[in-house]
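In: A predicted structure for the sequence below; I have some questions about it.
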Amino acid sequence: RQVVVASITSDADDYVQEVVAELKKAGVRAEADIRNEKINYKVREHSVGKVPVILAVGHREVEERTVSVRRLGEKQTKVESLENVTKALAVEATPPDLL
């Protein structure tokens, strides 16, 4: 897993699946976490599991077509458009010999 897309509320579940599909289409290994758990629990669990990038999606992200990006080892999260995140992660996921 390179990326986990976690829902903040169950209202965002469909968008989470859409984000995962976009990432997979771009060649990124991504999976959805739409369990009925608090977002802090999901982030902590995936951080302990050493997932490099966690994308959190809630009501605001669904409306604005964005994602909240949290990278392993960084405390700050930043909100970016789905398109920009997909492009950046696709480049990061490409093995060096294929660039």
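Out: Perfect, thanks for sending it. Residues are numbered from 1 along each chain as shown.

In: lowest-pLDDT helix or strand in the protein?
Out: helix 82-93 (a mean of 94; mean pLDDT, DSSP states H and E).

In: ranges for the helices of the chain?
Out: Under the criterion DSSP state H, the chain carries helices at the ranges 13-25, 39-48, 59-64, 82-93.

In: and the second one, what's its mean pLDDT?
Out: It stands for helix 39-48. Computed over helix 39-48, the mean pLDDT rounds to 96.

In: Quickly list what the residue nearest the centre of the chain is bridged to.
Out: In the chain, the residue lying closest to the centroid (CA atoms, centre = their mean) is Leu55, at 2.5 Å. Residues in a beta bridge with Leu55, per DSSP bridges, are Val5, Val69.

In: Quick check: pLDDT value at it.
Out: Reported pLDDT for Leu55: 98.

In: Pretty sure it sits against Ala6.
Out: Yes: with contact defined as CB atoms under 8 Å, Leu55 reaches Ala6; the gap is 7.1 Å. Every residue, glycine included, has its C-beta placed from N, CA and C.

In: which residues are common contacts for those two?
Out: Counting by CB atoms under 8 Å, 6 or more residues apart in numbering, Leu55 and Ala6 have no shared contacts at all.

In: distance of the nearest residue to Val62 once chain neighbours are set aside from Glu92?
Out: Closest residue in space to Val62, ignoring its immediate chain neighbours: Tyr15 at 4.5 Å, by CB to CB, 6 or more residues apart in numbering. According to CB to CB, to the nearest Å, Tyr15 stands 22 Å off from Glu92.

In: More neighbours: which of the two?
Out: Using other CB atoms under 10 Å, the more surrounded residue of Tyr15 and Glu92 is Tyr15, with 20 against 12.

In: quick one: contacts for the more buried one?
Out: Val57, Glu61, Val62.

In: Could you do Ala56 as well?
Out: Ala56 neighbours (CB under 8 Å, 6+ apart): Ala6, Ser7, Ile8, Ile39, Val43, Val67, Ser68, Arg70, Thr77.
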